[in-house]
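**Student:** fold the following for me, if possible:
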Amino acid sequence: MKGGCLHRLLVSKLCFGVVVLLTVPIIVLLLEGAPVLTIFNTRPEQLKVNSNGIIQQQEQEHLGDDRPSLAGLPGSASRSHTNKDCNYAKGKWVEDDKRPLYSGNECKQWLSKMWACRMMRRAHFFYENYRWQPHGCEMPEFTGPNFLNRMKNQTLAFVGDSLGRQQFQSMMCIATGGKYSPEVEDVGWKYGLVKAPGALRPDGWAYRFPATNTTILFYWSATLSELESLNSEHAVTSYALHLDRPVTFLKKYLNSFDVLVLNTGHHWNRGKFNGNHWELYADGKPVGNGTRLADLSRAKNLTLHSIARWVDSELARRPQMKVFLRTISPRHFVNGDWNTGGTCGNTIPLSNGSEVLQDHSIDIPAESAVKGTRVKLLDITAISKLRDEGHISNSSFKASTGINDCLHWCLPGIPDTWNELLFAQI
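**Tutor:** Below is the predicted model of the structure:
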């Protein structure tokens, strides 16, 4: 079948066919106003045609949109697991007087001021004193030395948006114990991570720990998709955002990584696309008018599936490499959004419960994207949804403008737990 069907997926009321997407056959069914339905590695006997002539998959699971809630699937009875079989996203928050893992006052070398709540006007820090305990699983001791020894002669890369940057800074603070570490080398130049003339910051950072030859890096890519300039000669440049192509940085440097953590999610909205002058492309052609949020939700899901399949094809040549798709970090705005007076003023930990019981992720698109691949799911959505008191909220000095940050997290804080779950799985 010609590649044009992928182009039509996002603009027609119904387009069905076998699409060759990054060398992996995918059947995609798209209904107007409905989320993307993807069926991978499906045998003919698993498909059936309904009375309207639409192909369906028998015994389908987890088909939904990108609006997670804690109303997940019912969990099974708690039982013991080997760590290999552990569902790290199913468990309970418990108090721990050994937390936090580093000082928010001391980790100034790696921690951005805008996320260091100990250096703000916040008065309550109870959120720092909890750890996540998966049901029936033993968690390895997560310390800087343990992490560096485990990652000896290896490179950990975070590629994603500002929430990925938070996870990167959290890992740098944990790896150094939050202490000033002049021995750590800036090796960003090896990955093209240098500040361009006129730029506020580089596209990312990379640091090497000489004692163990461990490198930790972050690359900023809000959508994980390749961006191509469309009209650089104009005063305002527009960009083609290629849904079916991974960001160029990954294609160039993937073979340099031993552990890779990908994330995307919060930039898939009309405001971000308009502000960044991004235009949707697939098969090298523009798709849709992108006027509805649902269009971008389906576009994001296509990107998730595309990059998971691309990485899976690369892992065939590097079976020792570990790749994780991190699920979306929840927002906790109430009574409005970030620009319409939304707040998250709760300071009492676990006001909405302390336990996650469902077996599957509430980030259905991410879980669906990695199904059938060697890409693992780093599922942090439900456990983070319980921690609304851990956001920056109105603590930031920028809060005088009336804008609350109920998207990013205080550090030390919840992203430290994301890294603890990552450590347990590498």
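**Student:** quick check, pLDDT for the residue nearest to the spatial centre of the chain.
**Tutor:** Geometric centre of the chain, nearest residue: residue 263, 2.3 Å, by CA atoms, centre = their mean. The confidence metric pLDDT takes the value 98 at residue 263.
**Student:** excluding residues flanking it in the chain, which one is nearest it?
**Tutor:** In this structure, residue 263 finds its nearest non-sequential neighbour in residue 160, 3.5 Å apart by CB to CB, 6 or more residues apart in numbering. Backbone N, C-alpha and C define where each C-beta goes, glycine included.
**Student:** which SS class is residue 132?
**Tutor:** strand (DSSP: H, G, I helix; E, B strand; the rest coil).
**Student:** before we move on, back to that, the residue nearest to the centre of the chain contacts residue 325, correct?
**Tutor:** Yes: counting by CB atoms under 8 Å, residue 263 touches residue 325, with 7.3 Å between them.
**Student:** and the residue nearest to residue 134 when sequence neighbours are not counted, what are its bridge partners?
**Tutor:** Among residues not flanking residue 134 along the chain, residue 91 sits closest, at 3.9 Å (CB to CB, 6+ apart). For residue 91, the beta-bridge partners are residue 134, residue 356 (DSSP bridges).
**Student:** what's the neighbour count on residue 91?
**Tutor:** Applying other CB atoms under 10 Å, we find 23 other residues in the vicinity of residue 91.
**Student:** spit out the contact partners of it.
**Tutor:** Counting by CB atoms under 8 Å, 6 or more residues apart in numbering, residue 91 makes contact with 132-135, 137, 355-356, 383.
**Student:** lowest-confidence one in these?
**Tutor:** Comparing the contacts of residue 91 by pLDDT, residue 137 comes last, at 92.
**Student:** what is the burial count for it?
**Tutor:** For residue 137, using other CB under 10 Å, the count is 18.
**Student:** check the one 4 residues further on too.
**Tutor:** The number of residues packed near residue 141 is 9, by other CB under 10 Å.
**Student:** and what of residue 227?
**Tutor:** 18.
**Student:** try residue 191
**Tutor:** Residue 191 has 22 nearby residues by other CB under 10 Å.
**Student:** how about residue 372?
**Tutor:** Neighbour tally, residue 372, other CB under 10 Å: 16.
**Student:** equivalent analysis for the one 5 residues further on, please.
**Tutor:** Neighbours of residue 377 under the rule other CB under 10 Å: 23.
**Student:** with residue 234 instead?
**Tutor:** 10.
**Student:** cool, and residue 108?
**Tutor:** 15.
**Student:** first-to-last residue distance for stretch 359-370?
**Tutor:** Length of stretch 359-370, first residue to last, CA to CA, to the nearest Å: 16 Å.
**Student:** now it, how far from the centre of its chain.
**Tutor:** When distances are taken as CA atoms, centre = their mean, to the nearest Å, stretch 359-370 is centred 12 Å away from the chain's centroid.
**Student:** kindly report the same for stretch 250-266.
**Tutor:** The answer for stretch 250-266 is 11 Å, by CA atoms, centre = their mean.
**Student:** and residue 259, its phi and psi?
**Tutor:** The phi/psi pair for residue 259 (degrees, to the nearest 10) reads phi -130, psi 130.
**Student:** so it bridges to which residues?
**Tutor:** What pairs with residue 259, by the bridge criterion (DSSP bridges), is residue 156, residue 322.
**Student:** quick one: contacts for it?
**Tutor:** Residue 259 touches 151, 154-157, 321-324, 422, 426, counting by CB under 8 Å, 6+ apart.
**Student:** at 10 Å instead, please
**Tutor:** Listed by CB atoms under 10 Å, 6 or more residues apart in numbering, the contact set of residue 259 reads 150-151, 154-158, 216, 321-324, 422-423, 425-426.
**Student:** and of those, the nearest to residue 272?
**Tutor:** Set against residue 272, the nearest of these by CB to CB is residue 158 (19.8 Å).
**Student:** now the closest one: how far from residue 260?
**Tutor:** Going from residue 158 to residue 260 by CB to CB, to the nearest Å gives 8 Å.
**Student:** of these two, which one has the most company?
**Tutor:** Taking neighbours as other CB under 10 Å, residue 158 and residue 260 compare with residue 158 leading, 29 against 23.
**Student:** give me the pLDDT for that one.
**Tutor:** At residue 158, pLDDT is 98.
**Student:** where's it, which helix or strand?
**Tutor:** According to DSSP states H and E, residue 158 maps onto strand 155-160.
**Student:** ok, residue 195 next?
**Tutor:** Short version, using DSSP H and E: residue 195 is in no helix or strand.
**Student:** scan the protein for its longest helix.
**Tutor:** Ranked by residue count, the top helix of the chain under DSSP state H comes out as helix 293-315.
**Student:** for that one, which residues meet the burial criterion?
**Tutor:** Across helix 293-315, burial judged by 16 or more other CB atoms under 10 Å covers 295-312, 314-315.
**Student:** related to what we said a few turns ago, now flag whichever of the contacts of residue 259 is closest to residue 269.
**Tutor:** Distances from residue 269 to the contacts of residue 259, taken by CB to CB, are shortest for residue 158, at 21.9 Å.
**Student:** wait, the closest one touches residue 264, no?
**Tutor:** No: counting by CB atoms under 10 Å, residue 158 does not reach residue 264; the two are 11.9 Å apart.
**Student:** shared neighbours, these two?
**Tutor:** Taking CB under 10 Å, 6+ apart as the criterion, residue 158 and residue 264 both touch 164, 326.
**Student:** circling back to that earlier point, restricted to buried residues, select the contacts of residue 91 in PyMOL.
**Tutor:** Only the buried entries of the contacts of residue 91 go into this PyMOL selection, using 16+ other CB under 10 Å:
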select buried, resi 132+133+134+135+137+355+356+383
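**Student:** so what's in contact with residue 263 and residue 325 at the same time?
**Tutor:** 160, 224, 366, 378.
**Student:** pLDDT below threshold where in the protein?
**Tutor:** Where the chain drops to pLDDT under 70, the residues are 1-84, 289-294, 397-400.
**Student:** show me where the stretch 301-426 of the chain has its strands.
**Tutor:** With DSSP state E, counting those that start in this stretch as the criterion, the stretch 301-426 of the chain has strands at 322-326, 355-356, 376-378, 391-393, 405-409.
**Student:** tell me which of these sits nearest to residue 86.
**Tutor:** With CB to CB as the measure, strand 376-378 is the member of those nearest residue 86 (12.0 Å).
**Student:** could you tell me which strands the closest one is paired with, and in which direction each runs?
**Tutor:** strand 322-326 (parallel).
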